[in-house]
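Student: attaching a predicted model along with its sequence, questions to come.
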Amino acid sequence: MQNSLSAGGWYINDFHRTNSMAAQREVMQMSLHPCSREQKLAQIQRVKEHSATTKESANKERSKRQL
């Protein structure tokens with residue numbers, strides 16, 4: 001694994017560089033099209049609901065394995 005940090009770069013490897021650059025592009029796109037307060041609250045609610053659903057299904061799967 002090549003370490004670009006020691007060569008004065010910002011990235012650990014190509015995978016890190018690719019993901020970092022993709023994240024930077026996404027942030028740039030979001031800054032060009034900001035969400036309203038209502039959209040942000042709705043997004044937070046969707047994430048919470050998805051998280052609860054995912055956690056619930058993981059708990060069910062875990063309980064099945066214990067039986």
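Tutor: Here it is on my side, so go on.
Student: and stretch 21-34, what's its mean pLDDT?
Tutor: Averaging the model's pLDDT scores along stretch 21-34 yields 92.
Student: chain center to that stretch, what's the gap?
Tutor: Counting by C-alpha atoms, centre = their mean, to the nearest Å, stretch 21-34 is centred 13 Å from the centre of its parent chain.
Student: just the CA atoms of it, as CSV, please.
Tutor: Output in CSV follows, covering the C-alpha atoms of stretch 21-34 (Å, rounded to 0.1, in the frame of the first residue of the first chain):
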residue,chain,number,x,y,z
MET,A,21,-12.9,13.6,-3.7
ALA,A,22,-16.4,12.1,-4.2
ALA,A,23,-17.3,13.5,-0.8
GLN,A,24,-15.9,16.9,-1.7
ARG,A,25,-18.0,16.9,-4.9
GLU,A,26,-21.1,16.0,-3.0
VAL,A,27,-20.6,18.8,-0.5
MET,A,28,-20.0,21.3,-3.4
GLN,A,29,-23.3,20.2,-5.0
MET,A,30,-25.2,20.5,-1.7
SER,A,31,-23.8,24.0,-1.2
LEU,A,32,-25.1,25.0,-4.6
HIS,A,33,-28.6,23.7,-3.8
PRO,A,34,-29.2,24.3,-0.1
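Student: quickly find the element holding the most centrally placed residue in the chain.
Tutor: Geometric centre of the chain, nearest residue: A23, 9.2 Å, by C-alpha atoms, centre = their mean. Using DSSP states H and E, A23 sits within helix 14-32.
Student: show me how far the helix or strand just after that helix is from its chain's centre.
Tutor: Per DSSP H and E, the first helix or strand lying C-terminal to helix 14-32 is helix 37-66. Between the centre of helix 37-66 and the centre of its chain there are 15 Å (C-alpha atoms, centre = their mean).
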